[in-house]
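**Q** sequence plus predicted model, see below.
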Amino acid sequence: MAQKNQTNYAFFNGQIVPIEEAKVSVMTHSFNYGTGVFGGLRGYWNADEEQLFIFRPHDHFKRFIQSAALIRIELRYTPEELTHILTELLRTEGWRENVYIRPLAYKATELIGVKLHDLDDAVTIFSLPFGKYVENEEGAHVCFSAWRRVDDNAIPARGKIIGAYANSALIKTDAVLSGYDEAIVLNEDGHISEMSAANIFIIRDGVAITPPVTSNVLEGIVRRSLMQLLTDELHVPVVEREIDRTELYLADEVFMCGTGVQLAAITRVEHRAIGNGKLGSTTRQLRELFFQIVSGRVPKYRGWLTPVYVAEVVQ
Ligand code: PMP
């Protein structure tokens, strides 16, 4: 099969259609007010097995449905049904490379009026070839953002709400245009929350520490996976608690994680080196394990993956 790198299809209005047909009006409520939610998944291509593995689709779709519920979007699909639709879509595309998958659920009514009730909901999914999200995965240079993370009492950060990503976009662009790879974001109370679109861990004295789900973080699926791998495979204890800014300066290692970012080491914060300023050994081991797992090379964790292609049955 020839290599291709363009999106040809989307799931739209209940069926898989050519991408040109997956269009919405400028009057769409969600386009005007950010009243939608999204997800972000990855599919990893394993050339040895000629297989595309979707990473934890059930967990992603469960969070997608919960994000939607926060803004009164009632999805008529279960995580199993969405996973099924997604595998159909990816098979139709015929991808043979790593891909990124974007489901969206949104207020679709063409109407002026800021509200969430009495509006129609819609769901769409598309996918595209995708590589790295941060260039410097083994040694990112980050800053502390002057912006604060959206608060649960303003726009819930635990939901992937489209409108809330104006916050992430401000954070990311100010960091990148100031010469950094990414930015660490504080909550209004001054504790560390997360990055613009990734969760954060610090390693200090052999313990991995990450902000709790009550620190205005997205309840990351990679975050949860790494907590399990740190504990069960690397035997590094994990603690969820608030993190002060200066603890990060004293950390031995810091890394960020998420579907886009995957697992990237942070080795410099503004003018300060983290640890010895190089990729640390725990981060390196965890990265190696993570990439082995997502590409289907660790039998114990095959349960995290859903294969897209099914072997043809010879009659
Ligand atoms: N925080 C934010 C704000 C994000 O957008 C993301 C990416 N979805 C993450 C954290 C990481 O979450 P996950 O591991 O589920 O991709």
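**A** Yep, that arrived. For clarity, every value in this text was computed on a predicted model and none was experimentally measured.
**Q** what residues does the chain put near the ligand?
**A** 40, 168, 194, 197-199, 218, 220-223, 258-260 (CB under 6 Å from any ligand atom). For the C-beta atoms, the positions are set from N, CA and C on the backbone; glycine is no exception.
**Q** helices along the stretch 1-150 of the chain, start to end?
**A** 29-33, 57-70, 79-93 (DSSP state H, counting those that start in this stretch).
**Q** kindly reformat those helices as JSON lines containing mean pLDDT, mean neighbour count and distance to Y133.
**A** Formatted as JSON lines, these follow (pLDDT from 0 to 100; neighbours: other CB atoms under 10 Å; distance: least, CB to CB, whole Å):
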{"stretch": "helix 29-33", "mean pLDDT": "98", "mean neighbour count": "19", "distance to Y133": "24"}
{"stretch": "helix 57-70", "mean pLDDT": "98", "mean neighbour count": "20", "distance to Y133": "16"}
{"stretch": "helix 79-93", "mean pLDDT": "98", "mean neighbour count": "18", "distance to Y133": "20"}
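**Q** quick one: which of the residues of the chain next to the ligand sit in strands?
**A** Under the assignment DSSP state E, those contribute 194, 199, 258 to strands.
**Q** what's the neighbour count on the last one?
**A** Using other CB atoms under 10 Å, G258 has 23 neighbouring residues.
**Q** who are the contact partners of it?
**A** 195, 197-199, 218, 220, 222-223 (CB atoms under 8 Å, 6 or more residues apart in numbering).
**Q** with adjacent residues omitted, what lies nearest to it?
**A** Nearest residue to G258 in three dimensions, chain neighbours excluded: A198, at 3.7 Å (CB to CB, 6 or more residues apart in numbering).
**Q** would you confirm that the one you found contacts C257?
**A** Yes: A198 is within contact range of C257, at 5.9 Å (criterion: CB atoms under 8 Å).
**Q** overlap in contacts of those two?
**A** Joint contacts of A198 and C257 (CB under 8 Å, 6+ apart) are 220, 264.
**Q** assess the claim that L52 and V310 are in contact.
**A** No: contact criterion CB under 8 Å: L52 and V310 do not qualify, at 11.3 Å.
**Q** those two: who's more crowded?
**A** L52 (25 against 9).
**Q** and L186, which of the helices of the stretch 1-150 of the chain is closest to it?
**A** helix 57-70 (23.1 Å; CB to CB).
**Q** CA atoms of that closest one as PDB?
**A** Taking C-alpha atoms only, helix 57-70 is exported to PDB below (Å, rounded to 0.1, in the frame of the first residue of the first chain):
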ATOM      1  CA  PRO A  57      -9.200   4.500  23.300                       C
ATOM      2  CA  HIS A  58     -11.700   3.300  25.900                       C
ATOM      3  CA  ASP A  59     -10.200   5.600  28.500                       C
ATOM      4  CA  HIS A  60     -10.000   8.500  26.100                       C
ATOM      5  CA  PHE A  61     -13.600   8.100  25.000                       C
ATOM      6  CA  LYS A  62     -14.800   7.800  28.600                       C
ATOM      7  CA  ARG A  63     -13.100  11.200  29.400                       C
ATOM      8  CA  PHE A  64     -14.600  12.600  26.100                       C
ATOM      9  CA  ILE A  65     -18.100  11.600  27.200                       C
ATOM     10  CA  GLN A  66     -17.500  13.100  30.700                       C
ATOM     11  CA  SER A  67     -16.100  16.300  29.300                       C
ATOM     12  CA  ALA A  68     -19.200  16.600  27.100                       C
ATOM     13  CA  ALA A  69     -21.500  16.000  30.100                       C
ATOM     14  CA  LEU A  70     -19.900  19.000  31.900                       C
END
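**Q** relative to helix 79-93, how tilted is it?
**A** 120 degrees (axes from the mean of the first three to the mean of the last three CA atoms, to 10 degrees).
**Q** what does helix 57-70 contact?
**A** 37-41, 74-75, 77-80, 82-83, 86, 103, 105, 121, 156, 158-161, 219, 221, 224, 259, 306.
**Q** now the helices for the stretch 151-300 of the chain?
**A** Going by DSSP H, counting those that start in this stretch, the stretch 151-300 of the chain shows helices at 165-177, 221-232, 245-250, 281-294.
**Q** among the ones you listed, which is nearest I203?
**A** helix 281-294 (5.3 Å).
**Q** what pLDDT, on average, does the closest one get?
**A** The average pLDDT within helix 281-294 is 98.
**Q** make residue 1 into 698 and carry on from there
**A** All set: I'll call the first residue 698, so the last point we hit is now helix 978-991.
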